[in-house]
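# Pasting the sequence and the predicted model now:
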Amino acid sequence: MRLDLNGAKVDIAAPPMKRLLDVLREQCALTGTKEGCGEGECGACTVLVDGRPVNSCLVPFAQVKGCKVVTIEGLDSRLKEVFAREGGAQCGFCTPGMIVAAAALRKGGDVRAGLAGNLCRCTGYTAIFRALNP
Amino acid sequence: MPAVGRNVLRKEALAKVTGAAKYIDDFSFPGMLWARTIRTTIACGRITDVAISAPGCVIVTHADIPGDNVIACIEHDQPCLVETDVRHAAEPVLLLAADDRAKLAAATVTIAYAPAAPLFDARRSNTLFKKIDIVKGDVAAALARAHRIIEGTYTTGHQEHVYLETNGVIAVPEEGGITVYGSIQCPFYVHKALKVLLGSDKVRVVQVETGGGFGGKEEYPSMIAGHAALLALKAKRPVKLVYDRVEDMLATTKRHPSVVRHRTGVAKDGRLLAMDIDVLMDGGAYATLSPVVLSRGVLHATGPYRCDNIRIVGRAVMTNTPPNGAFRGFGAPQTQFAAEVHMERIAEALAMDSVRLREINVLRSGDTTATGQKLGSDCSARKVLRDAVKRTNYAKKRAARKPIGLALFFHGSGFTGGGEVRLASKASLELTPRGARILVASTEIGQGTRTMHAQIVADTLGVPFDAVDVADPDTSRVPDSGPTVASRTCMIVGRILQRCAREMKRKLGRLSRREYLKRHGPLVITKEYERPSGMTWDDATYRGDAYEAFGWACDVVELDFNPDTYEARPIRVTAVQDIGKAIHPILAAGQIEGGTAQGLGYALLEEVVMRDGRMANASLTNYIIPTSMDTPEIDAVIVESPYRHGPFGAKGVGEMPIDGVAPAVVNAIRHLGLDLRDIPATPERISECGLI
């Protein structure tokens, strides 16, 4: 199945109902995308599909056929540096999903609402808000 | 430029923000198998039969254990795999491993039981894990002459850690022994437990990047590491065992539920004359760390107040739920919740302003605690109280009947009493051509261990921050610096490293590092913990210096309360916290902000529902932790009253922030006239409480 993964056209053979998360981690060696709950609650597995953030643990691989998929590894964003500087990453496990979700925030949109699908247990979100509202 | 006090880039920041940091589930080994744990479905009874159908799987039962079938902790009471007697639901019985996860999923294991009546109510338990008595002065006599006696009972529930990364390890047979890589807080705890379980010294434990711990990866990893190691030894292949969220919630430790009863004699002017406190903690099915959780609990049970007559009786008891264990705060959040809500009730009974009541009784330098510990010049309890009240315009908002409340609290840094002496922690520093390499078992689990230690060493040695490396915590390469717990990693281990750096500097003299290495060869300095002179502690009587130093803090919580739905939502938290010295201000504030948010969850949202001794809401859909929408602005204010033996004056910071949030929340709700004494303060619980 053909898709655009982090800016490159790729062909991946995987069962259609396999979770996108597992395809990325196990077949594409893109382990920056994490599994925190496996039921779409924590957002650690957030990736962009055609520019929109999705929980890759809930997306069957067949659904991204022909789509543009971007993971933390392919995300070109100044947010990475700002998160690092402002203390937005503590244990770091939610961080890739959080940064991907933050990159999809609309300009002027509500940051709190935009990140409500991404749980962080370390920071109390304070440093993350600081990183996003310099 | 000095590194201490500056926000240098944390050592692994770039790896974490780019997704390059490798956590345990990101590793794979050639020939690696996956694993599954078969667990009990009843809370109490005996196993009468086990029927296994597991084609293509390696099977491990208790009969395969080469050493002792125990998870060595304080006691040796918990089996690694159940033989016959079942003490709780989700207790491990047998283990499977296979090269294909479909084979694991297809395997069926049927366990037949002879059930017995389980005990879930800690108040009815007669099985003690630990009892502690603290006595100061004469409580009975002081109660007899008190103007008023105020009594109350306060309860708290379980709390689940919800580190974003679940527990996981990979066990690899190597060189006639076993190496376990994992998401762990305390590599040497796992090391010690594996040696007992496997009856072998050929054990190596390596921590890899760890996605949060909060105490939840203090003692539990000994269990999961033991399981993976047994499978790997039998299969003679690497075995990965990573829990999914449901299993992690069902099987691993939680914060101890508590029932704390206070009976306090007060003088007419508000002075505390006598404090009679009874602390009960529900330990769950095995002792794990309950004796020491209870210890920290009772040592903080008075709150930061002076009183000449104190009696504290603490008990940790057994019930038939999965064992409770270490969780940030370690007993102190429970007992200080009770103490601070009780202080509010004393003020209500005396019709006195509750800040005034605290001002009258707050501990000051030179005062003694319940154990007779004389407080040093860094005691800043009154300062943090005054700062918090002023900063939040507290009096005005209180007078306007707004739902605003506060809590004043403290937290001892490091192990209790003689604990640090017994640990005898070691740290090493190795000279490198560029600077130095830190060799400690202290783990980076999000709090900034690597960075903060490197800052302390860099400034002491007089080299740039970037010239200090930190070795991975690998039991074959680093000395045992003790566990990464108890708010000890900066103050205790940091100080040992500082002593190493001082000696290294002396040894170098005028030689450059390269010249020294050329002339004298490798240089590794190792130092051991030394207790500051003058400290005493008696475990038998619980008298003396319970902790080297205390942090002091005051939280103010402002709520939005809906009188129709009984929903309390935090709108601002102000956390004024004295930590001695912020080695790295952003990291230190991060501990306060994160601990505060975790405390808000504990206070308002997080409810473990136990049904027949099994967590009924074991998923992130049904166990609710604060999201970005639930977490208000947190104003973390760092106060620096230096501890003279702390590195650069630093005291502990990791745990204290979770101690005061819940009582501040409940005191804000009480200010609306609702007689709330229990958490979590869910709308259901608030709607059921009486009026003051």
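Here it is on my side, so go on.

# Can you name the residue of chain B nearest chain A?
Relative to chain A, the nearest point of chain B is B:Gly19 (2.0 Å; CB to the nearest CB). No exception for glycine: its C-beta is placed from N, CA and C like everyone else's.

# got a list of what that residue touches?
Shown in contact with B:Gly19 (CB atoms under 8 Å, 6 or more residues apart in numbering or on different chains): A:Leu30, A:Thr31, A:Gly32, A:Thr33, A:Thr71, A:Ile72, A:Glu73, A:Thr95, A:Pro96.

# Let's see that with 10 Å instead.
Residues counted as contacts of B:Gly19 (CB atoms under 10 Å, 6 or more residues apart in numbering or on different chains) are A:30-34, A:71-75, A:80, A:92, A:95-97, A:99-100, B:26.

# Among those, which lie within helices?
When DSSP state H is applied, the contacts of B:Gly19 are split such that A:Lys80, A:Thr95, A:Pro96, A:Gly97, A:Ile99, A:Val100 fall in helices.

# And the residues you listed, which is closest to B:Arg46?
Ranked by distance to B:Arg46 (CB to CB), these are led by A:Gly97 at 44.7 Å.

# Please give me every residue in contact with B:Leu294.
If you count contacts by CB under 10 Å, 6+ apart, B:Leu294 has them with B:129-132, B:256, B:258, B:279-281, B:283, B:314-317, B:330-331, B:334-335.

# tell me the SS of A:Phe83?
helix (DSSP: H, G, I helix; E, B strand; the rest coil).

# Pretty sure it sits against A:Cys120.
No - with contact defined as CB atoms under 10 Å, A:Phe83 does not reach A:Cys120; the gap is 11.1 Å.

# circling back: out of the contacts of B:Leu294, list just those in helices.
Among those, DSSP H puts B:Gln334, B:Thr335 in helices.

# filter the contacts of B:Leu294 to the buried ones?
B:129-130, B:132, B:256, B:258, B:279-281, B:283, B:314-317, B:330-331, B:334-335 (16 or more other CB atoms under 10 Å in any protein chain shown).

# Downstream of the helix or strand hosting B:Asn667, the next helix or strand is which one?
Secondary structure from DSSP states H and E places B:Asn667 in helix B:661-670. Counting by DSSP H and E, the next helix or strand C-terminal to helix B:661-670 is helix B:683-688.

# With adjacent residues omitted, what lies nearest to the residue in chain A that chain B sits nearest to?
Residue nearest to chain B within chain A (CB to the nearest CB): A:Gly32, separated by 2.0 Å. Leaving out its chain neighbours, the residue that sits closest to A:Gly32 by CB to CB, 6 or more residues apart in numbering or on different chains is B:Gly19, at 2.0 Å.

# domain assignment for chain B?
Chain B breaks down into these domains under automatic domain parsing: B:13-21+B:419-528, B:31-117+B:162-251, B:258-417+B:541-688.

# what does chain A give?
Split by automatic domain parsing, chain A gives A:2-74, A:79-132.

# So which of those is nearest B:Thr61?
Of the domains of chain A, nearest to B:Thr61 by CB to CB is domain A:2-74, at 28.3 Å.

# now that closest one: mean pLDDT?
For domain A:2-74, mean pLDDT is 98.

# picking up where we left off before, quick one, phi psi at the residue of chain B closest to chain A?
Phi and psi for B:Gly19, reported as degrees, to the nearest 10, are phi 80, psi 0.

# Mind pulling up the pLDDT for it?
98.

# any idea how far it lies from A:Val70?
Using CB to CB, to the nearest Å, B:Gly19 is found at 12 Å from A:Val70.

# Equivalent analysis for A:Asn6, please.
As judged by CB to CB, A:Asn6 and A:Val70 stand 6 Å apart.

# what do you get for B:Ala51?
On the measure of CB to CB, B:Ala51 and A:Val70 end up 49 Å apart.

# Would you mind giving the secondary structure of B:Cys568?
One correction, residue B:568 is Ala, not Cys. Classification of B:Ala568 by three-state DSSP places it in strand.

# Please look at it and B:Val557 and confirm they touch.
Yes - applying CB under 10 Å as the test, B:Ala568 and B:Val557 come out as touching, 9.4 Å apart.

# Just list what whatever helix or strand B:Glu247 lives in packs against, helices and strands only.
With elements taken from DSSP H and E, the one containing B:Glu247 is helix B:245-251. Other helices and strands packing on helix B:245-251, by 3 or more CB pairs under 10 Å, 6 or more residues apart in numbering or on different chains; DSSP states H and E, are strand B:33-39, helix B:221-235, strand B:614-615.

# Could you pull out the strands in chain A for me?
Counting by DSSP state E, chain A has strands at residues A:2-5, A:8-11, A:46-49, A:52-55, A:68-70.

# which parts of the stretch 101-250 of chain B sit against chain A?
Within the stretch 101-250 of chain B, the residues that sit near chain A (CB under 10 Å from any CB of the partner chain) are B:161-166, B:183, B:209-214, B:242, B:244-246, B:248-249.

# Tell me the first helix or strand C-terminal of whichever strand or helix holds B:Leu497.
Element membership of B:Leu497, judged by DSSP H and E, is helix B:494-508. Later in the chain than helix B:494-508, the nearest helix or strand by DSSP H and E is helix B:513-520.

# buried ones in the helix or strand following that next one?
Downstream of helix B:513-520, the next assigned helix or strand under DSSP H and E is strand B:524-528. Buried residues in strand B:524-528, counted by 16+ other CB under 10 Å: B:Ile525, B:Lys527.

# Direction included, what does strand B:524-528 pair against?
Applying DSSP bridges to the sheet, strand B:524-528 is found paired with strand B:426-431 (antiparallel).

# now chain B, which segments are flagged as low pLDDT?
By pLDDT under 70, chain B has no low-scoring segment.

# most remote residue from chain B's center?
Largest separation from the mean C-alpha position in chain B: B:Arg519, at 45.8 Å (CA atoms, centre = their mean).
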